[in-house]
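Asks: Below is the structure, and that's it, no one-letter string:
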């Protein structure tokens, strides 16, 4: 007999996970750099900004008020509306 | 459900009282009153002409039968009254027939209905009842072990979980009066809606009993309060996870531990309530280690950390301090690392004991760090006795600890070289802990002049976490 279980998760992912395809190239895309306000994250992102800009990419910068809390909804919406991919500095 | 008029009886052959009353039902029928017998086991057993095979127990469930025999008087398709077991007076009154069952003893108790046998009641409620379990159904493939399936789907904290079947989750939900689809809040990091049903599913997996569910629900609600900042707490590189302290009558009602080995293993309620909260974090919110949870070390308490306070002391309880009246139950959630033991087997008066506790407290997080994480100090019975005998209240002990833990400004600066320190102008002292950052509770075994300091997350207040208290509701 088959056992039926109830899903304990938030059900945000399909039963069989399907990852979003990653872009093959950044050519023509706008890259968002999100500083989460963790110490020295800006150093890392400044360098990325320089490297991407050198290659002619469009870069936009964003910053969360504090790393301990989720990004405010307006900021998430702004990023979603303005860029194609996002790089976020998570580590110390 | 339209019921047949006359008399309905629910029987099983396995019940001696049912066998005893079978001729009485025949007697009722022969006097012109229509009789319908629903039989739970052997359809050939009743001697009346109208017999309904109820081996599926659907009728027994819908008629809410707990005992057989049960006889019900029906008129116009509606129940007018019922009698349970055999009681001649009651049967005569119900049927309006004065002379039935004259040969039988005056009364005999019935037997349990098959519809309320363990495990059966849940299955019937799910099949025939108006039950809502709002969650996706997943079928474990045939021949696959259901516990292994839970591991493979990533639902486990590393230990086996109880597979959350519909029957178990339904039974768990009987522990609360709250609706299964009530939303308690948004669970970080994925901001998924956390319903009562989702908490019940995870409570099943954690090993909770249904009577623990109100405590788990209160703990989840407290943890989802934005003031607790669960998002940052679960993601931090620091050690901490959520810790639950339980107060009030519910502690005893569900058999929690506040005595020996209080912070350790061995008590089902303490362990499974703490684990249920962490499984909600993992499964509903998606806060998994080495993903959103970036803790460098973690702490054993992240499997689950929950205990009850010993309230048989002169001190006010934690819940009372936080506005919950005595006689009511509450949970308080804190961020928590592992406990740090303080041994002082010599002090018999409060002042030197304050000194012992303060010395260890000053080293929390880093010995040069002021404005450190909040701490919970679990004062053991033998240390508590020293304060009680001197008449020191909790507030007096906390004030003395704040005063005794100030850090000399000259000492500040992690990793600063000695020459730089020597060159610095003299500084005053700074508080080691923010105002209200030392929380005192009482618990532990009778023997041992020890207390336990449980430090929390470095990020606190508006930049991080504050403790949150919620009343436990039924």
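Replies: Looks like it came in fine. Computed from a prediction, not measured in an experiment: that's the story for all the values here.

Asks: Quick check: the residue of the stretch 301-450 of chain B nearest chain A.
Replies: Going by CB to the nearest CB, chain A is nearest to residue B:335 of the stretch 301-450 of chain B, at 11.1 Å. Where C-beta positions appear, they are placed from N, C-alpha and C, glycine not excepted.

Asks: Doesn't that residue belong to a strand?
Replies: Yes: checked against DSSP: H, G, I helix; E, B strand; the rest coil, residue B:335 lies within a strand.

Asks: if I read this right, it contacts residue B:458, doesn't it?
Replies: No: Residue B:335 lies out of contact with residue B:458 (CB atoms under 8 Å); the separation is 9.1 Å.

Asks: Settle it for me: which of the two has more neighbours?
Replies: residue B:335 (30 against 22; other CB atoms under 10 Å in any protein chain shown).

Asks: Tell me the pLDDT of residue A:67.
Replies: On pLDDT, residue A:67 comes in at 87.

Asks: Assign it to helix, strand or coil.
Replies: coil.

Asks: what sits opposite the residue of the stretch 301-450 of chain B closest to chain A in the beta ladder?
Replies: On the basis of DSSP bridges, residue B:335 is bridged to residue B:242.

Asks: what residues do residue B:335 and residue B:458 have in common as contacts?
Replies: Listed as contacting both residue B:335 and residue B:458 by CB atoms under 8 Å, 6 or more residues apart in numbering or on different chains are B:373, B:464.

Asks: to the chain's geometric centre, what's the distance from stretch B:147-159?
Replies: 21 Å (CA atoms, centre = their mean, to the nearest Å).

Asks: cool, and stretch B:194-211?
Replies: 8 Å.

Asks: Leaving out chain neighbours, which residue sits closest to residue B:357?
Replies: Nearest residue to residue B:357, sequence neighbours excluded (CB to CB, 6 or more residues apart in numbering or on different chains): residue B:342, at 5.6 Å.

Asks: All the helices of chain A, residue numbers only.
Replies: A:41-54, A:73-82 (DSSP state H).

Asks: got it, and the stretch 151-300 of chain B?
Replies: Using DSSP state H, counting those that start in this stretch, the helices of the stretch 151-300 of chain B run over B:166-173, B:196-206, B:213-224, B:230-235, B:250-253, B:268-280.

Asks: which of these sits most buried?
Replies: Greatest average neighbour count among the helices of the stretch 151-300 of chain B goes to helix B:196-206 (a mean of 29), per mean count of other CB atoms under 10 Å in any protein chain shown.

Asks: What's the local residue count around the residue in chain B that chain A sits nearest to?
Replies: Here the residue of chain B nearest chain A is residue B:192; by CB to the nearest CB that distance is 2.5 Å. Neighbour count of residue B:192, defined by other CB under 10 Å: 19.

Asks: swap in residue B:370?
Replies: Close neighbours of residue B:370, defined as other CB under 10 Å, add up to 20.

Asks: So it lies in a strand, does it not?
Replies: No: checked against three-state DSSP, residue B:370 lies outside a strand; its state is coil.

Asks: my read: it touches residue B:405, true?
Replies: No: in this structure, residue B:370 is not within contact of residue B:405 by CB under 8 Å, at 9.6 Å.

Asks: Can you work out which residues contact both of the two?
Replies: Shared contacts of residue B:370 and residue B:405, counting by CB under 8 Å, 6+ apart, come down to B:431, B:432.

Asks: residues touching the residue nearest to residue B:459 when sequence neighbours are not counted, list them.
Replies: Excluding its sequence neighbours, the residue lying closest to residue B:459 (CB to CB, 6+ apart) is residue A:68, at 5.2 Å. If you count contacts by CB under 8 Å, 6+ apart, residue A:68 has them with B:229, B:231, B:232, B:236, B:459, B:463, B:464.

Asks: gap between the second one and residue B:289?
Replies: I take that to be residue B:231. Applying CB to CB, to the nearest Å, the value for residue B:231 to residue B:289 is 16 Å.

Asks: Local confidence estimate at the closest residue to residue B:49 other than its chain neighbours?
Replies: Closest residue in space to residue B:49, ignoring its immediate chain neighbours: residue B:29 at 6.9 Å, by CB to CB, 6+ apart. We have a pLDDT of 95 for residue B:29.

Asks: Next, residue B:29: secondary structure please.
Replies: helix.
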